[in-house]
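Kindly return the folded structure for what I paste below:
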Amino acid sequence: MEFPPELKYSREHEWVRMDRDVATIGVTDFAQDELGDIVYLILPKVGETLTQFAKMGEIESVKSVSDLYTPLGGEVIEVNETVIDTPEIVNQAPYAGGWLVRLRITDPTQTDKLMSADDYRAIAVSSH
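Next up is the predicted model:
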């Protein structure tokens with residue numbers, strides 16, 4: 001199971017990759033493994049404003065339907081249309097082609113409320 005050290009993580013099993021004021025968000029390797037085969041995603045629309053830790057969509061697998069939460073607040077500037085058409089990419093490459101949305105964040109201090117890879121690994125492993 002992968003926990004890339006350059007990313008930040010939320011308790012709801014989403015990851016964030018920051019590039020100045022743009023956050024790329026996806027679900028963690030742990031989450032996709034727990035969910036099983038992902039078959040459907042509902043994601044926010046470009047232009048929507050999201051609030052940190054609020055529901056931003058849904059992820060459906062052969063096992064269950066789960067809510068997706070945004071680890072940061074901001075405006076959606078891009079949605080990964082590829083994962084909507086081919087959701088199994090989230091299982092195959094959760095930290096690469098399986099990303100979900102990109103946000104222009106409104107408050108960079110929000111990243112302080114997220115976890116490091118080591119902190120997230122400890123939570124993921126203990127909940128397993």
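
need the helix or strand of this protein with the lowest average pLDDT.
One helix or strand of the chain scores below all others by mean pLDDT, DSSP states H and E: helix 117-126, with a mean of 92.

got the buried residues for that one?
A117, Y120, R121, A124 (16 or more other CB atoms under 10 Å). For glycine as for every other residue, the C-beta is placed from the backbone atoms N, C-alpha and C.

do you know how far the last one is from D107?
By that I understand A124. A124 is 26 Å from D107, where distance means CB to CB, to the nearest Å.

Not counting its neighbours along the chain, what's nearest the residue nearest the centre of the chain?
In the chain, the centroid-proximal residue (CA atoms, centre = their mean) is G26; its distance is 2.6 Å. With CB to CB, 6 or more residues apart in numbering as the criterion, G26 has its nearest non-adjacent residue at 4.2 Å, and that residue is W99.

Tell me how far that neighbour lies from V125.
Distance, W99 to V125, using CB to CB: 23 Å.

quick one, helices of this protein?
For the chain, helices defined by DSSP state H occupy the ranges 29-35, 81-85, 89-92, 117-126.

Which one of the ones you listed lies nearest to F3?
Each of the helices of the chain has some distance to F3 by CB to CB; the shortest is helix 117-126, at 4.3 Å.

what's in contact with that closest one?
M1, F3, P4, P5, E6, L7, Y9, R11, H13, T28, F30, M115 (CB atoms under 8 Å, 6 or more residues apart in numbering).

redo that, cut-off 6 Å
Here helix 117-126 makes contact (CB atoms under 6 Å, 6 or more residues apart in numbering) with F3, P5, Y9, F30.

repeat for stretch 78-95
Contacts for stretch 78-95 (CB under 6 Å, 6+ apart): 4, 26-27, 29, 32, 38-41, 43, 46, 97-102.

P5: how many residues sit nearby?
8 (other CB atoms under 10 Å).

so how far is N80 from it?
From P5 over to N80 the distance is 23 Å, taken as CB to CB.

low-confidence ranges in this protein?
Where the chain drops to pLDDT under 70, the residues are 128.

how does it look with 80?
Within the chain, the stretches with pLDDT under 80 are 127-128.

What ranges does it have for its strands?
Ranges of strands in the chain, per DSSP state E, are 8-9, 14-19, 22-27, 38-42, 49-50, 55-61, 65-69, 74-79, 101-105.
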